[in-house]
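A.B. asks: Below are the sequence and a predicted model for it; my questions follow.
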Amino acid sequence: MAHQSNPFIKQLASSDRKLRTSALASLRQYLSSHHSAPLSQLDLLKLWKALFYCLYMQDKPLHQQRLAQDLADLTDVLLLKSGKNTEEDGGMLLGWFEAFWLTMAREWSGIDGLRMDKYLYLVRCYIRKGFEVCAAQQGWGSEGFLDSYLGVLRRGPLSPRDAKVPDGLRYHVLDIYVDELEKADAQHAAPIEVVLEPVRLLGRETVSKAVRKRVKEALEDERLREREGMEGMGVDGKGEATAGVENGSRGEAAATESGGMGADVDDDNDEFGGFDD
C-alpha cells in the first residue's frame with residue numbers, strides 16, 4: 001500500500017462516484033488480504049481522511065446512508081483478520097477505531113449544516129459497530145479488548161479535557177450511546193458498569209456544564225436501570241439469568257441492515273424518511 005497510497009487515497013476522495021466506489025471495493029479487498037502488511041497509525045489516519053471525503057462527496061440521502069454503513073462494515077474485515085487474537089491484528093483493529101475518532105474530531109468543526117446529517121449517521125454506525133466488535137470478542141468475555149476499546153473512547157469522543165474534541169461530537173455520542181448499546185447488545189450481556197465508566201468519567205472530570213448535563217441525561221435512561229437491576233440479580237456471560245433467578249426483560253433486538261458494498265441504488269423516485277434513529 002505504501003507505493004499505491006497516494007493515487008488510492010485520491011480515488012477515494014474523487015468527485016467521480018464510480019471511481020470512489022471502485023476504490024472502496026479495492027480497499028475492502030486489500031484489508032481482507034492475508035498478504036496485506038499491517039498499516040501504521042499514520043497510514044490509518046491518511047486513509048480515514050480519504051474516507052471522510054469519500055462520504056463528503058456523496059450526495060442523495062439513501063446513497064449517503066448506504067455508504068456510511070459500508071464504511072462501518074470495513075471494521076468487520078479487520079475483525080475477521082483479528083480472529084487469531086494476535087497482538088498485531090488486535091492492535092490494528094483498535095488503531096482503526098482510534099484513527100476514525102481522531103479524524104472525526106479534527107474535521108467536525110468544518111462540516112457544514114447541509115452535510116452534517118450524514119456524519120451524525122456515520123458516528124452512530126461506528127458507536128454501534130464498536131459495541132458489536134466487543135460482543136464478538138468471546139461474547140463480551142475478552143476484558144482486555146473491551147478495556148482497550150473503551151480506552152479509545154476515553155481518549156477520543158468522551159475525553160473530558162481534550163480541547164481538540166468538539167463538544168458537538170461529545171453531545172452526539174452521549175445522545176446515542178445507550179441507543180446503540182441496546183441495538184448491539186439486545187441480550188443485555190455487556191458488563192454495564194464497565195461500559196458506562198467512560199461516560200461517568202466524562203461527567204466527573206469535564207469542566208463544561210452543558211456536557212455534564214448531557215452525561216446526566218444519558219445515565220438517567222430507563223433502559224440502564226433495567227440493565228443495572230439485571231446485573232444486580234446476576235446475569236451470566238450469555239445474557240441469561242443465573243440459576244434460581246427469573247429472567248428479566250431483555251429489551252427489543254434491533255436489526256442492523258447493511259447494503260452490499262458499493263451497490264448502485266436507484267433512489268431517484270424513492271421516498272426518503274430520514275436516517276434511522
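C.D. replies: Structure received.
A.B. asks: from the chain's centre, how far out does the host helix or strand of residue 175 sit?
C.D. replies: Per DSSP states H and E, residue 175 falls inside helix 167-184. The chain centroid and the centroid of helix 167-184 are separated by 10 Å, computed with Cα atoms, centre = their mean, to the nearest Å.
A.B. asks: could you pull out the helices for this protein?
C.D. replies: Counting by DSSP state H, the chain has helices at residues 5-12, 17-32, 41-56, 61-81, 87-107, 116-136, 143-155, 167-184, 192-205, 209-219, 222-233.
A.B. asks: picking up where we left off before, ok, residues contacting the helix holding residue 175?
C.D. replies: Helix 167-184 is contacted from outside by 104-105, 108-109, 120, 123-124, 127-129, 131-132, 135, 153, 157-158, 190, 195, 199, 202, 208, 210-211, 214-215, 217-218, 221, 223-224, 251-254, 256, 277, using Cβ atoms under 8 Å, 6 or more residues apart in numbering. Bear in mind the C-beta positions are built from the backbone N, C-alpha and C, glycine included.
A.B. asks: Including mean neighbour count and mean pLDDT, could the helices of the chain go into a markdown table?
C.D. replies: Output for these, formatted as a markdown table (neighbours: other Cβ atoms under 10 Å; pLDDT from 0 to 100):
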| stretch | mean neighbour count | mean pLDDT |
| --- | --- | --- |
| helix 5-12 | 16 | 78 |
| helix 17-32 | 17 | 93 |
| helix 41-56 | 19 | 95 |
| helix 61-81 | 20 | 93 |
| helix 87-107 | 19 | 87 |
| helix 116-136 | 21 | 96 |
| helix 143-155 | 17 | 92 |
| helix 167-184 | 20 | 97 |
| helix 192-205 | 17 | 97 |
| helix 209-219 | 16 | 97 |
| helix 222-233 | 15 | 78 |
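A.B. asks: wait, doesn't residue 164 sit right on residue 105?
C.D. replies: Yes - here residue 164 lies in contact with residue 105, judged by Cβ atoms under 8 Å, at a distance of 5.5 Å.
A.B. asks: Give me the most central residue, the protein.
C.D. replies: Among the residues of the chain, the one closest to the centroid is residue 126, at 1.6 Å (Cα atoms, centre = their mean).
A.B. asks: For residue 18, see how far away it is.
C.D. replies: When distance is defined by Cβ to Cβ, to the nearest Å, residue 126 is 26 Å away from residue 18.
A.B. asks: likewise residue 139?
C.D. replies: Computed as Cβ to Cβ, the residue 139 to residue 18 distance reads 41 Å.
A.B. asks: what do you get for residue 44?
C.D. replies: 25 Å.
A.B. asks: do residue 50 as well
C.D. replies: 16 Å.
A.B. asks: same deal with residue 71?
C.D. replies: Distance, residue 71 to residue 18, by Cβ to Cβ: 18 Å.
A.B. asks: Could you count how many residues lie near residue 141?
C.D. replies: As a burial measure, residue 141 scores 14 neighbours (other Cβ atoms under 10 Å).
A.B. asks: pLDDT wise, what is it at?
C.D. replies: Looking at residue 141, its pLDDT is 73.
A.B. asks: How about residue 251?
C.D. replies: Looking at residue 251, its pLDDT is 36.
A.B. asks: Same question for residue 277.
C.D. replies: pLDDT, residue 277: 50.
A.B. asks: so what's residue 80 up against?
C.D. replies: residue 32 are the contacts of residue 80 under Cβ under 8 Å, 6+ apart.
A.B. asks: Look up phi and psi at residue 15.
C.D. replies: Main-chain torsions, residue 15, degrees, to the nearest 10: phi -80, psi -10.
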